[in-house]
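> Okay, sequence plus prediction incoming.
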Amino acid sequence: MTLLQVFFRRKTIPVWITLGACLLTLFCRFEPPRNPPQGKKVPARVLEVDDGGLMQLGLLTTGPQRLKVKILSGEHKGEIFAATNQLRAQIDLDKVFKPGDTVLVGLYHGAVPGEATLNAQDHYRIGWTILLFALFALLLIWFGGVTGLQALLSFMFSCLVIWKILVPVCLKGFNPLLVSFMVVVILSAVIIFLVAGVNRKGVTAFTGAIVGVLASCLMAWLFTWLFKINGAVMPYSQALLYSGYESLNIADIYIGGIFIGSSGAVMDLGMDVAAGMSEVFAQNRNISRRDLTRAGMRIGQSVVGTMTTTLLLAYSGGYLTLMMTFCAQGTEPIDFINNPYVASEVVKTIVGSFGLVLVAPLTAFCGGFILRGGRRKEEAENA
């Protein structure tokens, strides 16, 4: 076997296609125009800290923290600058630096050591992010082999599509519902066919997943309107509107976020049912379409319960402090359920679960036709 044949075996062709799609997506330029930057952001090491300007207001801290930092990269590497960390009495955004910390500073053009004062913006986390992702990638490839590599590529492709296509295209004013649905279709096709292969099993899983996502989209649109949720419950939504994007329909963005958030679980369930049905059919080629569909239904019944609970735990975990606040204040159930933040999570969880419950029977029904194909002569005689 030649080296070219090794690299382009049937199992590795989807890997190369997805890798090419990742590179193509990486060079997409849908971002809105930006003003030329007045400088750049670089990592720096904190050498000295002066907390004399800080004031403690109960649990909150406000005031300037003065620093002396050493630049770690770029043309100013090794140079020492003064820096300021302004605390605004916001626990979620404020940070207090200590000597030895690595921070991200804004270094404007023409900054001169001893004269310029830099803005220390946050802890520098790029190194730990790369390390964490590398450990995850190595574990995935070590355990899954080629399949693990395919899963890693689908993970990277999903990140690129969301950041390079979904977000900037929505910012340009395109319909968030349509854009979100098209992105889910693309991601579902890449992820499912990359893992399952371009075969009847993959087509079954893809068909069931897309129908389930479409059902979630319709349900999300209906109940967002019935619950009177305007989308402003999403983090930073007001800041986004005041950043020059007043025309954005944040309610549609909220709806798109619902079925994007549940699409991963929908794909998992669709693949579980399709893979189980494919194995049943492989063991019994003479099985009837009706029995194969029933087998898919039983497989779906076995996993749909835990999958719906997965969505509940995932969404409720993100709002744990909100629920604790209501509990600490002794909020009555009627006030709790009618709170817009709680109502938005109720819609998100139940609508996502609704799509999951639907995807199992829909995948089983589609699999009965796709995997079984046309009726055999024996079936026609028994009909």
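Sure, I can see it.

> When you work out contacts or count neighbours from here on, use the C-alpha atoms and nothing else.
Noted.

> Now do the helices in the stretch 101-250 of the chain.
126-144, 146-161, 167-171, 176-196, 200-226, 237-241, 250-283 (DSSP state H, counting those that start in this stretch).

> Reformat those as CSV; add distance to Leu47.
As requested, those are arranged in CSV below (distance: least, Cα to Cα, whole Å):
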stretch, distance to Leu47
helix 126-144, 19
helix 146-161, 36
helix 167-171, 38
helix 176-196, 46
helix 200-226, 51
helix 237-241, 34
helix 250-283, 43
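
> Isn't Asn119 up against Thr84?
Yes. With contact defined as Cα atoms under 8 Å, Asn119 reaches Thr84; the gap is 5.3 Å.

> Tell me both backbone torsions, phi and psi, for Trp16.
Dihedral angles of Trp16 (phi, psi; degrees, to the nearest 10) stand at phi -70, psi -40.

> picking up where we left off before, can you tell which of the helices of the stretch 101-250 of the chain is closest to Thr331?
Nearest to Thr331, of all the helices of the stretch 101-250 of the chain, is helix 200-226, at 23.7 Å by Cα to Cα.

> Quick one: distance of that closest one to the chain centre.
17 Å (Cα atoms, centre = their mean, to the nearest Å).

> what's the answer for stretch 363-370, then?
28 Å.

> How about stretch 289-309?
With Cα atoms, centre = their mean as the basis, the mean position of stretch 289-309 lies at 26 Å from the chain mean.

> residues of it that come out buried?
289, 292-300, 303-304, 307-308 (16 or more other Cα atoms under 10 Å).

> cool, stretch 119-126 as well?
119-124.

> number of nearby residues for Tyr254?
25 (other Cα atoms under 10 Å).

> Could I get the pLDDT score of Ser188?
Here, the pLDDT recorded for Ser188 equals 90.

> what does Leu60 give?
So, for Leu60, pLDDT stands at 84.

> coming back round to it: just send the buried residues of stretch 119-126 back as TSV, with pLDDT too.
Listed next are the buried residues of stretch 119-126 as TSV, based on pLDDT from 0 to 100:
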residue	pLDDT
Asn119	90
Ala120	91
Gln121	90
Asp122	92
His123	93
Tyr124	93
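
> mind giving me TSV with these and columns for distance to Lys68?
Listed next are the buried residues of stretch 119-126 as TSV, based on distance: Cα to Cα, whole Å:
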residue	distance to Lys68
Asn119	11
Ala120	10
Gln121	14
Asp122	15
His123	15
Tyr124	16
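
> just those now: which is nearest Gly257?
Asp122 (27.7 Å).

> For the closest one, which residues are in contact?
When contacts are counted by Cα atoms under 8 Å, 6 or more residues apart in numbering, Asp122 touches 95, 103-105.

> Out of those residues, who's the most crowded?
That'd be Val105 among these, by other Cα under 10 Å, with 24 neighbours.

> Now that one: closest residue in space, sequence neighbours ignored.
Ala120 (4.4 Å; Cα to Cα, 6 or more residues apart in numbering).

> give me the element Gln86 is part of.
Counting by DSSP states H and E, the element that carries Gln86 is strand 80-88.

> For that strand, which strands pair with it and how are they oriented?
strand 60-71 (antiparallel), strand 117-123 (parallel) (DSSP bridges).

> burial measure for Gln150, as a count.
Per other Cα under 10 Å, the neighbour tally for Gln150 reads 27.

> Next one: it from Ile260, what distance?
To Ile260, Gln150 is 21 Å away according to Cα to Cα, to the nearest Å.

> Asn286 now?
38 Å.

> Tell me which of the two has more neighbours.
Set Asn286 next to Ile260 and count neighbours by other Cα under 10 Å: Ile260 wins out with 20 against 13.

> Is that one in contact with Val185, as I believe?
No. The pair Ile260 and Val185 fails to qualify as a contact (Cα under 8 Å) at a distance of 10.1 Å.

> Do you know the pLDDT at Arg10?
Model confidence at Arg10 (pLDDT) stands at 56.

> just Glu381 next, same as before
For Glu381, pLDDT reads 35.

> when you give positions from now on, start the count at 18
Sure, I'll start numbering at 18, so the last one becomes Glu398.

> so how far is the strand holding Gln103 off the chain centroid?
The answer for strand 97-105 is 33 Å, by Cα atoms, centre = their mean.

> Rounded mean pLDDT for that strand, please.
On average, the pLDDT along strand 97-105 is 91.

> Next, the buried residues of it.
For strand 97-105, using 16+ other Cα under 10 Å, the buried residues are 97-104.

> Please tell me how far the nearest residue to Lys87 once chain neighbours are set aside sits from Ala61.
Ranked by Cα to Cα, 6+ apart and with sequence neighbours excluded, the top spatial neighbour of Lys87 is Ile97, at 4.4 Å. For Ile97, the distance to Ala61 equals 9 Å [Cα to Cα].

> rewinding a little: can you name the two of the buried residues of stretch 136-143 that are farthest apart?
Most distant of the buried residues of stretch 136-143, by Cα to Cα, are Asn136 and Tyr141, 13.3 Å apart.

> before we move on, back to that, contacts for the strand holding Gln103, please.
For strand 97-105, contacts defined as Cα under 8 Å, 6+ apart pick out 78-88, 111-113, 122, 130-138.

> Then stretch 245-258?
By Cα under 8 Å, 6+ apart, stretch 245-258 touches 241, 263-265, 267-271, 357-358, 360-361.

> I'd like the residues you listed written out as TSV, with distance to Gly347 added.
Shown next, in TSV, are the contacts of stretch 245-258 (distance: Cα to Cα, whole Å):
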residue	distance to Gly347
Thr241	27
Glu263	37
Ser264	38
Leu265	36
Ile267	31
Ala268	30
Asp269	33
Ile270	32
Tyr271	29
Pro357	18
Tyr358	17
Ala360	18
Ser361	21
